[in-house]
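In: The sequence and its predicted three-dimensional model are supplied below.
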Amino acid sequence: GQQLNQSPQSMFIQEGEDVSMNCTSSSIFNTWLWYKQDPGEGPVLLIALYKAGELTSNGRLTAQFGITRKDSFLNISASIPSDVGIYFCAGPPASNTGKLIFGQGTTLQVKP
Amino acid sequence: EAGVAQSPRYKIIEKRQSVAFWCNPISGHATLYWYQQILGQGPKLLIQFQNNGVVDDSQLPKDRFSAERLKGVDSTLKIQPAKLEDSAVYLCASSLVVWELFFGEGSRLTVL
């Protein structure tokens, strides 16, 4: 079935550093979404991308919709302690646009 | 604006017992989703409603799981009988704009 593979699985960085993570699939996606989940909470939508090549920012977060439509990237600049959490990519595969599937997540830890 | 409400937050039961979870979506959101999130994994869609009709329930284990959405608003998810592997967080989400899901805090189920 369709899968989203996130890399890296976890990251431990120093406050102030920039962060990069990505999400890849063997299938084509028409939409890419990035969510963040804090402990004990539900995921919260950070950025939605709807067009191949699109680059969208939300504060210190920037995400890109890959040209091949099989990948997406999320960057966080100047990380702060509250960036700690699990970041999920998600999307509806082009072959099954009725269903939103999630990657397995990238866990980010920030050392003050 | 009130968010997605879920209850109970925590539930511990023994295997073969039954359990029910309740969700109240954001007012005006026609689409409602139930996701299962096992520890260390991304959310997996169980069932998706559009108003009170089922859009997708292909991954719902129908021999033990059932869900309904009364009058196109509140929804309940039931598990009977529960198995050990059902231990997870059950997330309810709703959306107004396609794919822009708003999640509740989740209901954490432990099956002993």
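Out: Alright, I've got the coordinates. On a predicted model such as this, the values are computed, not experimentally measured, just so you know.

In: which stretches of the chain form strands?
Out: Looking at chain A here, since you left the chain open. A:5-7, A:10-14, A:19-24, A:32-37, A:44-49, A:55-58, A:61-65, A:71-76, A:85-91, A:101-102, A:106-111 (DSSP state E).

In: should've been chain B
Out: Using DSSP E, strands in chain B cover B:5-7, B:10-13, B:19-24, B:31-37, B:44-50, B:53-56, B:65-69, B:75-79, B:88-95, B:102-103, B:107-111.

In: Enumerate every residue touching residue B:100.
Out: Residue B:100 makes contacts with A:33, A:45, A:48, as judged by CB atoms under 8 Å, 6 or more residues apart in numbering or on different chains. All C-beta spots, glycine's among them, are computed from the backbone N, C-alpha and C.

In: try 6 Å
Out: residue A:45 (CB atoms under 6 Å, 6 or more residues apart in numbering or on different chains).

In: Quick check: pLDDT value at the residue of chain B found nearest chain A.
Out: Nearest to chain A in chain B, going by CB to the nearest CB, is residue B:103, at a distance of 2.9 Å. Per-residue confidence (pLDDT) for residue B:103: 96.

In: next one: residue B:1
Out: 65.

In: Tell me how many other residues surround the residue lying closest to residue B:18 once chain neighbours are set aside.
Out: Computed as CB to CB, 6 or more residues apart in numbering or on different chains, the closest residue to residue B:18 that is not its neighbour in sequence is residue B:80, at 3.7 Å. Close neighbours of residue B:80, defined as other CB atoms under 10 Å in any protein chain shown, add up to 13.

In: which residues touch stretch B:9-29?
Out: Contacts for stretch B:9-29 (CB under 6 Å, 6+ apart): B:4-7, B:32, B:74-84, B:90, B:92, B:94-96, B:102, B:107-112.

In: looking at chain B, which helix or strand is least sure?
Out: The weakest-scoring helix or strand in chain B, judged by mean pLDDT, DSSP states H and E, is strand B:53-56 (a mean of 92).

In: Close to chain A: what parts of chain B are there?
Out: B:41, B:42, B:43, B:45, B:56, B:91, B:99, B:100, B:103, B:104, B:105, B:106 (CB under 6 Å from any CB of the partner chain).
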